[in-house]
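Engineer: Quick one, fold the following:
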Amino acid sequence: QDLVGYSFLKKKILEKETEINDKFEPAGDEELENIKLLALYFSAYPCPPSRVFTHCLKEFYNKINLDEKFIEIVYVSCDASEEDFKNNYALMPWLALRFGDPHIKQLREKFRVTSIPYLMVLDPLNECNIISRRGRKEVQDQPDECFDLWLSRQQEQKYMDPVPDMPVSVTITDEAKEAMRVYKEWEEERQREKEKEREEEEKEKEKY
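Structural biologist: Model (predicted):
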């Protein structure tokens with residue numbers, strides 16, 4: 001099963017470019033037309049390794065697509081809640097499947113995604129043709145060479161063997177879970193501090 005006929009979310013274009021963009025709108029599979037490579041990005045918020053790699057992947061994506069769209073990435077959410085999905089997607093410039101989309105489970109199982117963050121690089125004309133299962137490592141280790149490497153594999157039809165079709169589950173290590181817990185506590189504390197600052201500002205305004 002490929003991505004033809006899927007519905008996606010895409011980012012709205014803002015008047016001023018910002019690091020965080022939480023404005024998105026529906027999009028169709030026409031967004032995948034005329035691209036050279038397609039990547040599926042399995043990630044979750046607030047998984048610390050995912051946050052680090054998202055920043056790295058964003059720089060790579062913007063650099064490759066500076067003058068023309070050559071690669072499209074689709075965020076396949078492994079988030080525990082819709083709020084986490086929105087927080088994570090706000091950091092990304094590419095497409096996403098909606099939170100709760102049944103295709104998410106199908107893609108996890110089809111490509112046997114057992115850990116995150118995970119980047120799968122595919123041929124956009126036939127998503128059964130796997131160009132790389134090690135996209136994360138290649139982007140991190142060879143950010144200036146990996147795109148040409150993927151194109152070379154595609155042109156020479158050096159595809160990887162299909163992934164066995166069997167159910168799997170996404171696992172997160174205990175260390176990552178603890179880091180996520182600590183991060184979430186920090187995030188909640190940060191939100192409380194912001195709320196306190198807003199209340200103090202309102203009180204100051206009332207004085208005048």
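
Engineer: From the centroid of the protein, which residue is nearest?
Structural biologist: By Cα atoms, centre = their mean, the chain has its centre lying nearest to residue 75, at 3.7 Å.

Engineer: Excluding chain neighbours, give the residue nearest to that one in space.
Structural biologist: residue 96 (3.8 Å; Cβ to Cβ, 6 or more residues apart in numbering). The way it works is simple: take the backbone N, C-alpha and C, and place the C-beta from them, glycine included.

Engineer: In contact with that neighbour, which residues are there?
Structural biologist: 8, 9, 10, 24, 74, 75, 76, 77, 89 (Cβ atoms under 8 Å, 6 or more residues apart in numbering).

Engineer: what's around the residue lying closest to the fourth one once chain neighbours are set aside, how many residues?
Structural biologist: Nearest-residue entry for residue 24: residue 9, 4.6 Å, with adjacent residues in sequence omitted and distances by Cβ to Cβ, 6+ apart. Counted by other Cβ atoms under 10 Å, the residues lying close to residue 9 total 20.

Engineer: which element is residue 9 on?
Structural biologist: strand 8-11 (DSSP states H and E).

Engineer: Quick check: residue 47 touching residue 116?
Structural biologist: Yes. Between residue 47 and residue 116 there is a contact at 6.1 Å, judged by Cβ atoms under 8 Å.
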